[in-house]
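Participant: predicted model and sequence follow; I will ask about them next.
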Amino acid sequence: MKNVIVPAQKKGASFDVRAEVQMKDREEAVYHYSNCREKLLHISLWGVYLGETPETFILTDPAGNEQHRAAQMGDCVKIHLPGPRSLHGDGADWVRVEQITEDRNKMLDEILTAITLRPCANPCLKSGETAHFFDERSTNTLIVCRHKTVVTSSIHGRNELMNTETDWLEYLRNLAVALPAKAGLSNPHWKKLAKALIC
């Protein structure tokens, strides 16, 4: 199922990280998956799960108004990263919730929930310029899955290309953030989130 949900890798960098936990029986696994699914969908709490500030990830509606609920397709996420701040993002990087997928395979006794995020413009501004260090071809897909008594979480980065369609100040900022990310230096952070989603 994951191969269908995760966008195809065409150009740029990519990564895959995964964490899993073995439950004692199916009943416990079903209950645990349900909790992990809620953690995945409540994006504004991801920073808390990571031991960071609640402002690390802020869920907003499509107009940029902060929300305290489960994510919905079309929502945006305001991300405060360490390092140089995005001028076009009002100090943050922005992504849109492009897809939320729920899938079940009764024969395999498997169920999953996935969220795909894609860089987007700051919805609070009218410029329409992508406010992220990667361009709009890039995606991150986060998945929680139960297969029988095993619950897993995985995060898949695809087509990670630096956002170069911007002014020179933002270009330099994107360069400073994107190059380490493409080199895999952000993978420990993603691994930490993958583990946090199923703890």
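Facilitator: The structure has been received and is ready for your questions. Numbering: from 1, shown residues only.
Participant: what's the lengthiest strand in the chain packed up against?
Facilitator: Residue-count comparison of every strand in the chain, with assignments taken from DSSP state E, identifies strand 93-105 as the longest. Applying 3 or more CB pairs under 8 Å, 6 or more residues apart in numbering; DSSP states H and E, one finds that strand 93-105 makes contact with helix 2-5, strand 76-79, strand 110-119. Glycine gets a C-beta too; all of them are placed from N, C-alpha and C.
Participant: kindly recompute the last result at 7 Å.
Facilitator: If you count contacts as 3 or more CB pairs under 7 Å, 6 or more residues apart in numbering; DSSP states H and E, strand 93-105 packs onto strand 76-79, strand 110-119.
Participant: could you identify which of these is most buried?
Facilitator: strand 76-79 (a mean of 24; mean count of other CB atoms under 10 Å).
Participant: so what touches it?
Facilitator: Outside strand 76-79, the residues that touch it by CB atoms under 7 Å, 6 or more residues apart in numbering are 43, 56-60, 62, 64, 92-97, 117, 120, 123.
Participant: before we move on, back to that, contacts made by the longest strand of the chain with the rest, please.
Facilitator: Here strand 93-105 has contacts from 1, 5, 71-79, 81, 86, 111-122, 131-133, using CB under 7 Å, 6+ apart.
Participant: picking up where we left off before, just the buried members of the contacts of strand 76-79?
Facilitator: Using 16 or more other CB atoms under 10 Å as the burial test, the contacts of strand 76-79 include 43, 56-60, 64, 92-97, 117, 120, 123 as buried.
Participant: adding distance to N35 and mean pLDDT, write the helices and strands packed on strand 93-105 out as TSV.
Facilitator: Written out in TSV, the entries for the helices and strands packed on strand 93-105 read as follows (distance: least, CB to CB, whole Å; pLDDT from 0 to 100):
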stretch	distance to N35	mean pLDDT
strand 76-79	21	97
strand 110-119	12	98
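Participant: would you list those in CSV and tack on distance to N159?
Facilitator: Formatted as CSV, the helices and strands packed on strand 93-105 follow (distance: least, CB to CB, whole Å):
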stretch, distance to N159
strand 76-79, 18
strand 110-119, 10
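Participant: quick one: closest of those to K10.
Facilitator: Closest approach to K10 among the helices and strands packed on strand 93-105 is made by strand 110-119 (14.0 Å; CB to CB).
Participant: which element is the closest residue in space to F57 that isn't next to it in sequence on?
Facilitator: Beyond its immediate neighbours in the sequence, the residue positioned closest to F57 (CB to CB, 6 or more residues apart in numbering) is W46, lying 4.4 Å away. Element membership of W46, judged by DSSP states H and E, is helix 46-49.
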